[in-house]
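Peer 1: next comes the sequence, and after it the predicted model I'd like to discuss.
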Amino acid sequence: MRTRFLTAAAAALIVSLGAAAPAAAKTVVATTANAGGTVSVATGDTLLVKLPGRWKLAGDTAPELTLGSTSFEGHGARGHTILTFSAADHGAVRLGVKNAITGVKLSMLVEVARTR
């Protein structure tokens, strides 16, 4: 009888710990295909914006998104820009970028949901 009680108590503890654990943060990737659309992330997630060519951020994304880094990988026309953001606060923000060579602008709406 005692063994069954201990087993049931251990199972209940495992279930309650699993329910209380926060959702794991994930990485969401956005590209030019997302331009003009909406991207959804949750607080704590990482948003990678990968764009062909040289791009720079064209506007403020605070407090919803915090820019972690901007990098350019590759060479010449085959290179691409990666903007790395962390989703810091719930809400919605227009993320705008501008091509450093052509001046073309792209934007997307980023909705940041609260972590469950």
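Peer 2: Cool, got the structure.

Peer 1: tell me where the chain has helices.
Peer 2: Taking DSSP state H to define them, one finds helices in the chain at 2-20.

Peer 1: centroid-nearest residue for it?
Peer 2: Central residue of the chain (CA atoms, centre = their mean): residue 47, 2.7 Å from the mean position.

Peer 1: hmm, residue 88 and residue 66 touching each other?
Peer 2: Yes. Taking contacts as CB atoms under 8 Å, residue 66 lies within contact range of residue 88: 4.6 Å. In short, each C-beta sits where N, CA and C put it, glycine included.

Peer 1: since we're on residue 41, how many residues are nearby?
Peer 2: 22 (other CB atoms under 10 Å).

Peer 1: so who does it touch?
Peer 2: Contact analysis of residue 41 by CB atoms under 8 Å, 6 or more residues apart in numbering lists 28, 47, 87, 110-113.

Peer 1: would you list those residues in TSV and tack on distance to residue 57?
Peer 2: Converted to TSV, the contacts of residue 41 look like this (distance: CB to CB, whole Å):
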residue	distance to residue 57
28	17
47	12
87	16
110	12
111	18
112	17
113	22
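
Peer 1: got the residues you listed as a markdown table, with pLDDT and distance to residue 77 columns?
Peer 2: A markdown table is the format used below for these (pLDDT from 0 to 100; distance: CB to CB, whole Å):
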| residue | pLDDT | distance to residue 77 |
| --- | --- | --- |
| 28 | 98 | 26 |
| 47 | 98 | 25 |
| 87 | 97 | 31 |
| 110 | 98 | 27 |
| 111 | 98 | 33 |
| 112 | 97 | 33 |
| 113 | 96 | 37 |
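
Peer 1: what sits against the spatially closest residue to residue 69 that is not a sequence neighbour?
Peer 2: Leaving aside its sequence neighbours, residue 69 sits nearest to residue 84 (CB to CB, 6 or more residues apart in numbering; 4.7 Å). Applying CB under 8 Å, 6+ apart to residue 84 gives the contacts 46-49, 67-71.
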